[in-house]
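Chemist: quick one, what's the 3D model for this:
(chains A and B)
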Number of protein chains: 2
Amino acid sequence: MRQAGRYMSEYRSLRERHSLLDLCRTPDLATEVTLQPIRRIEVDAAILFSDLLLPLEPLGIRFDFIKGEGPAIDNPLRSEADLAGIRRFEPRAELGYVLEAIRQIKGALAGRVPLIGFAGAPFTLASYAIEGGHSTSFAHTKSLMYGHPAAWHRFCDTLADVIGDYLVAQIEAGVDVVQVFDSWVGALNTSDYREFILPHTKKIFDHVAACRAGAAGEGGPGVPTIHFGVGTGSILGDLRDAGGDVIGADWRTPLDVAWERIGADRAIQGNLDPTLLLGPLDRVFAATDDVLARADGRAGHIFNLGHGILPTTPLEHVQALARYVHQKTRQ
Amino acid sequence: MRQAGRYMSEYRSLRERHSLLDLCRTPDLATEVTLQPIRRIEVDAAILFSDLLLPLEPLGIRFDFIKGEGPAIDNPLRSEADLAGIRRFEPRAELGYVLEAIRQIKGALAGRVPLIGFAGAPFTLASYAIEGGHSTSFAHTKSLMYGHPAAWHRFCDTLADVIGDYLVAQIEAGVDVVQVFDSWVGALNTSDYREFILPHTKKIFDHVAACRAGAAGEGGPGVPTIHFGVGTGSILGDLRDAGGDVIGADWRTPLDVAWERIGADRAIQGNLDPTLLLGPLDRVFAATDDVLARADGRAGHIFNLGHGILPTTPLEHVQALARYVHQKTRQ
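Modeler: Residues are numbered from 1 along each chain as shown, chains lettered A, B, ... in the order given. Okay, here's the model as predicted:
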């Protein structure tokens, strides 16, 4: 999950002077923000500070972040013609500032912890582009999806190409792991997921795997992939089928139940409810014990939150959680 | 689910002259709005036109509906002291306008279809009262719940008394079925649901069942109860344990999987994705066939949407869906 954020005073003070997009677009600032949590919290990996929406801009979809309301898109896609107007672009040219940030971060980390790169997956990116911001019903997105399935598939196919290219460019720039966030895909029922999303997400993972094959040809093991969504309890097996060495699970499904649905041949990432960090630490530790007990010491469990850290979270709670997990798992 | 709404032109034209709260508080208007969908759609039951939030007002929590943004609460509960300040009230006195609407609707329906009454359940009501409106993270609610569990339990116990009294008053006024909406409870993990919510929801169902025992004492079979939430895939068995002759399921979990989790001794209500109605009818019918195939003709399936109808839904699609389900199930 995103590690840097408003729960950290050093992040808030940077945000007083710079917009979220400035932080993402300026490699020095993205590097600084990526490193902030690494300095304060005992995490085992850094995650690139960036935003899921950045690839929308080279697709011709203009957006900004409105204070307290999240992303707002000026020209949301609302018709078959809008979907058809989207063209593949070259991330090395159009998102070069992200790749430069990755190179700087890798230099600054100097091998202390690995760096996770990421991108949004088709449903999540499409829903932002079509809804124009956050949504709970995804009414515009599903209208287009159900009403114009051929245009939807062509659009998602282009998104999959763009995201695949972007992740491969991140790997070439130095990230050690890539995570695909299909954050809002839990809004879909199983059969719609399989029909409208799975083939496109699979194309992304296949594209990254082909790049891994290249790396393996040079003797390397390739770059591991993580696939994450929220509210995906009923489609965890489908997320696995779409791809990912690691499947991320939110807190709604107990970890052992989620892992059973994912299958023993994949790793799992999760799944403490991040809102627990708003409450007292004894409850955080008890819930952590429960997650670890359900993982049962099996190889392939990456302890994580089930979704992002909320802005009102006390930093000390995040610090204490990371220490606690290390203490328990290194025993 | 709510049947009346902005997708009906007769509802929109009433809303031009009256606020949502006026419709709820004026028995003549609530009766008219309750009957609107019955006149246009082949549904097998009417559902009282009302709002989940009405019981908040006699609890001292002031709210209104802001156009396009949903409910807004002036004085959200944010502290242990706020929670402790909530007192049980007498629904026959404070919500008499709802009971009067029920009597009028029953008269107007003249036995054509049964009438479903409803109320919000503790987590959903508490989350509105505490967040002050819609939320995705429920950060304030969970902060209070984790941080002040004793105050939380006293508060929810009072909410359970209020909701239980309110449902019994609705039954006395004439409703034939009651539905408990814990719409947002899917935000909780299983163990938090069991600890913080289940005992209070159970108290509501036990209270209604005691009233049924009274009715049964007079020779009647009592009033059936429905228990519904969204995103509850992982806690369907816990919802069953809390109570309800019928458990409602949203569209995320296939109906047969949901029914297995609920258990064969309970009925199930659901679970077509309401956004499907935004798309073409052939797709609506195919998805309906799938729901019906998963129900496999077993007694105890109530066909329904998995959540409310969206405002941009074509009325003809809702009409065609109801006709289609009747045609298929009466064959």
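
Chemist: near chain B, which residues of the stretch 51-200 of chain A show up?
Modeler: Counting by Cβ under 8 Å from any Cβ of the partner chain, the stretch 51-200 of chain A comes close to chain B at A:134, A:136-139, A:142-143, A:145-147, A:186-192. (Glycine included, C-beta is placed from N, CA and C.)

Chemist: now, of the residues you listed, which are buried?
Modeler: Using 16 or more other Cβ atoms under 10 Å in any protein chain shown as the burial test, these include A:137-139, A:142-143, A:145-146, A:186-192 as buried.

Chemist: adding secondary structure, pLDDT and distance to residue B:69, write these out as a markdown table.
Modeler: Below are those laid out as a markdown table (DSSP: H, G, I helix; E, B strand; the rest coil; pLDDT from 0 to 100; distance: Cβ to Cβ, whole Å):
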| residue | secondary structure | pLDDT | distance to residue B:69 |
| --- | --- | --- | --- |
| A:137 | coil | 92 | 14 |
| A:138 | coil | 95 | 18 |
| A:139 | helix | 95 | 16 |
| A:142 | helix | 96 | 22 |
| A:143 | helix | 96 | 22 |
| A:145 | helix | 97 | 26 |
| A:146 | helix | 97 | 27 |
| A:186 | helix | 96 | 24 |
| A:187 | helix | 96 | 20 |
| A:188 | coil | 96 | 26 |
| A:189 | coil | 93 | 28 |
| A:190 | helix | 93 | 32 |
| A:191 | helix | 94 | 33 |
| A:192 | helix | 97 | 28 |
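
Chemist: which of those residues sits closest to residue A:126?
Modeler: Proximity of these to residue A:126 (Cβ to Cβ) peaks at residue A:145, which lies at 8.2 Å.

Chemist: any idea how far the closest one lies from residue B:287?
Modeler: Distance, residue A:145 to residue B:287, by Cβ to Cβ, to the nearest Å: 13 Å.

Chemist: what does residue A:68 give?
Modeler: Between residue A:68 and residue B:287 the distance is 37 Å, computed by Cβ to Cβ.

Chemist: okay, these two: which has more neighbours?
Modeler: Shown here are residue A:68 and residue B:287; by other Cβ atoms under 10 Å in any protein chain shown, residue B:287 has more neighbours (21 against 5).

Chemist: report the contact partners of that one.
Modeler: With contact taken as Cβ atoms under 8 Å, 6 or more residues apart in numbering or on different chains, residue B:287 is in contact with A:191, B:272-273, B:276.

Chemist: following the helix or strand bottoming out on mean pLDDT in chain A, which helix or strand shows up next?
Modeler: Confidence across the helices and strands of chain A bottoms out at helix A:198-217, with a mean of 83, counting by mean pLDDT, DSSP states H and E. Next helix or strand after helix A:198-217 toward the C-terminus (DSSP states H and E): strand A:225-228.

Chemist: surely residue A:26 and residue A:104 touch.
Modeler: No. Contact criterion Cβ atoms under 8 Å: residue A:26 and residue A:104 do not qualify, at 10.5 Å.

Chemist: okay, those two: which has more neighbours?
Modeler: residue A:104 (19 against 16).

Chemist: show me what contacts the residue of the stretch 51-200 of chain A found nearest chain B?
Modeler: In the stretch 51-200 of chain A, the residue that lies nearest chain B is residue A:146 (2.5 Å; Cβ to the nearest Cβ). Counting by Cβ under 8 Å, 6+ apart, residue A:146 touches B:275-276, B:278-280, B:283.

Chemist: poorly predicted segments of chain A, please.
Modeler: A:212-221 (pLDDT under 70).

Chemist: tell me where it has strands.
Modeler: A:46-47, A:63-66, A:70-73, A:115-120, A:177-181, A:225-228, A:246-248, A:267-272, A:301-305 (DSSP state E).

Chemist: tell me what the shortest one is packed against?
Modeler: It stands for strand A:46-47. On a contact count with 3 or more Cβ pairs under 8 Å, 6 or more residues apart in numbering or on different chains; DSSP states H and E, strand A:46-47 meets helix A:27-40, strand A:115-120.

Chemist: partners of that strand in the sheet?
Modeler: Here strand A:46-47 has these sheet partners by DSSP bridges: strand A:115-120 (parallel).

Chemist: if we go by neighbour counts, what in the longest helix seen in chain A is buried?
Modeler: Counting residues, the longest helix found in chain A (DSSP state H) is helix A:149-173. With burial defined by 16+ other Cβ under 10 Å, the residues of helix A:149-173 counted as buried are A:151-153, A:155-171, A:173.

Chemist: from chain B, how far off is residue A:204?
Modeler: Using Cβ to the nearest Cβ, to the nearest Å, residue A:204 is found at 23 Å from chain B.

Chemist: for that residue, what are its contacts?
Modeler: Residue A:204 makes contact with A:121-122, A:160, A:163-164, A:167, A:180, A:243, according to Cβ under 8 Å, 6+ apart.

Chemist: same check, this time on residue A:279
Modeler: Residue A:279 makes contact with B:142-143, B:145-147 under the criterion Cβ under 8 Å, 6+ apart.

Chemist: isn't residue A:209 right next to residue A:223, touching?
Modeler: No. The criterion here is Cβ under 8 Å, and residue A:209 misses it with residue A:223 at 9.4 Å.

Chemist: these two: who's more crowded?
Modeler: residue A:223 (21 against 17).

Chemist: is stretch A:224-232 in proximity to chain B?
Modeler: Yes. Using Cβ under 8 Å from any Cβ, stretch A:224-232 comes into contact with chain B via residue A:231.

Chemist: contacts for that stretch?
Modeler: Under Cβ under 8 Å, 6+ apart, the answer for stretch A:224-232 is A:116, A:121, A:124, A:177-187, A:201, A:205, A:208-209, A:235, A:239-240, A:242-250, A:252, A:269, A:302, A:306-307, B:186, B:231, B:252.

Chemist: 6 Å instead?
Modeler: A:177-183, A:185-186, A:208, A:239, A:244-248, A:250, A:269, A:307, B:231 (Cβ atoms under 6 Å, 6 or more residues apart in numbering or on different chains).

Chemist: how far does that stretch sit from the chain's center?
Modeler: Its chain's C-alpha centre and that of stretch A:224-232 lie 7 Å apart, by Cα atoms, centre = their mean, to the nearest Å.

Chemist: what does stretch A:144-162 give?
Modeler: That offset, for stretch A:144-162, works out to 21 Å (Cα atoms, centre = their mean).

Chemist: kindly report the same for stretch A:286-295.
Modeler: The answer for stretch A:286-295 is 23 Å, by Cα atoms, centre = their mean.

Chemist: residues of that stretch that come out buried?
Modeler: Quick answer for stretch A:286-295 (16+ other Cβ under 10 Å): A:287-288, A:290-292, A:294-295.

Chemist: can you turn the buried part of the contacts of residue A:146 into a ChimeraX selection?
Modeler: Applying 16+ other Cβ under 10 Å to the contacts of residue A:146, the buried members can be selected in ChimeraX as follows:
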select /B:275,276,278,279,283
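
Chemist: just the closest of the contacts of residue A:146 to chain A, please.
Modeler: residue B:279 (2.5 Å).

Chemist: show me the contacts for the residue nearest to the spatial centre of chain A.
Modeler: Centroid-nearest residue in chain A, with Cα atoms, centre = their mean: residue A:181, separated by 3.4 Å. When contacts are counted by Cβ under 6 Å, 6+ apart, residue A:181 touches A:118, A:120, A:228.

Chemist: got it, and residue A:132?
Modeler: A:73, A:76.

Chemist: distance of it relative to residue A:230?
Modeler: 20 Å.

Chemist: swap in residue A:51?
Modeler: 17 Å.

Chemist: and the two? Which one has more around it.
Modeler: residue A:230 (23 against 19).
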